[in-house]
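Chemist: give me a 3D structure for the following:
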Amino acid sequence: MDFGFVAMQMLVVSLPIVLGWAINKLGFLNPELDSGLSQLVMNIALPCTILAALHDAEALPSIETMLLIVAATFLVYVVAVPMAFAITALLRVPVETRAAYRFAVAFGNCGFIGLPVISAIFGTSALLYAAISLIPANVALFGVGALLFSSAEGDAADGGIGKKLRRVFASLKTPTLVMSVAVLVLALLGIKDLGIVGDAASIVGQMTTPLALLVTGSSMATYQVRSMLTNYRAYIVAAVRLVLVPLASLVVIRLLPLDPLATGVVIVDSSMPVATVGTLFCLQHHVDVKPMLQITFISIVGSILSIPLVTVLVGA
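Modeler: Numbers count the residues shown, from 1 in each chain. Next up is the predicted model:
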């Protein structure tokens, strides 16, 4: 992959984001519609895309490759979470917003933005790899990610560790994670042809990319740009999320006997902008949401250049 090719693919992905921003400003989209469309993508379209990735695959990867993808993705978070704690310590982030900064470093938007980007760069044949990678990614996101915010509130204020764990397990029951697990099981069993169910999932899944990108652009239109650019810590954290986390993860993942395509998918997926669910976690746990919005905004804009850079470095 050369930089020019990947940059062109990111430009293609970016134009619908710009369109989403424009149609929000024109009044066709608003926060309420964005919320509804996000739910549609996450709960219906994205699971269908994952199922279609299995159905449309020309050939299934080996069992060893699939298990290695799961292991490699877990390793990304083994690298990212300690980095998240280290960077908040180095930046002397105030205690009340540490959870937001740590989350922003550790967790990227692997599904909502990741799948469209992976498809644009590596082709639709890579979507099955990305779908398998989503399993450990979602477990980490709704497990470790949620615990970062719960820990910020303290055990007593949140009903104890037992209540926290029950809420974490409940949050794992998402259609995206359930479908990812189902697809992995089917793939491990060698089942690929899903008949008319797979054909229908392919049709519904086609709306994932355009809706996800339009909603991303529309949500950016609700930010006050000037206020999003005034936090110096946000730039540093965004750079760590977009570049340092994937490159540090690459060093570790190179120790696994993973084929180049699978390695590329896992690492590029780890270089996505901040996961938007972080904003919801902030609101749920009464953490100041402004730093999360700032880092999210900067990371989305910055990813247009950082993802081609990471892709080229992975290829090298």
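Chemist: a strand runs through Lys173, doesn't it?
Modeler: No: counting by DSSP: H, G, I helix; E, B strand; the rest coil, Lys173 is not part of a strand but coil.
Chemist: please tell me how far it sits from Ile295.
Modeler: Here the distance between Lys173 and Ile295 works out to 28 Å (C-beta to C-beta, to the nearest Å). Where you see a C-beta, it was placed from the backbone N, CA and C, and this is true even at glycine.
Chemist: so Gly190, which state does it fall into?
Modeler: Secondary structure, three-state DSSP: Gly190 is coil.
Chemist: for it, what are phi and psi?
Modeler: Gly190 adopts backbone torsions of phi 80, psi 20, taken as degrees, to the nearest 10.
Chemist: pull the distance from stretch 184-198 to the chain's centre.
Modeler: Relative to its chain's centre, stretch 184-198 lies at 24 Å (C-alpha atoms, centre = their mean, to the nearest Å).
Chemist: looking at Lys173 and Ile295, which is more packed in?
Modeler: Neighbour tally, Lys173 and Ile295, criterion other C-beta atoms under 10 Å: the higher count belongs to Ile295, 28 against 9.
Chemist: how far does the helix or strand where the more buried one lies sit from its chain's centre?
Modeler: Ile295 belongs to helix 290-315 when assigned by DSSP states H and E. Put simply, helix 290-315 sits 12 Å off its chain's centre (C-alpha atoms, centre = their mean).
Chemist: for it, the averaged confidence score.
Modeler: For helix 290-315, mean pLDDT is 91.
Chemist: need the contact list for the nearest residue to Ile44 once chain neighbours are set aside.
Modeler: Once flanking residues are discounted, Ile44 sits nearest to Val204: 6.7 Å by C-beta to C-beta, 6 or more residues apart in numbering. Taking C-beta atoms under 8 Å, 6 or more residues apart in numbering, we find Val204 in contact with Ile44, Ala45, Cys48.
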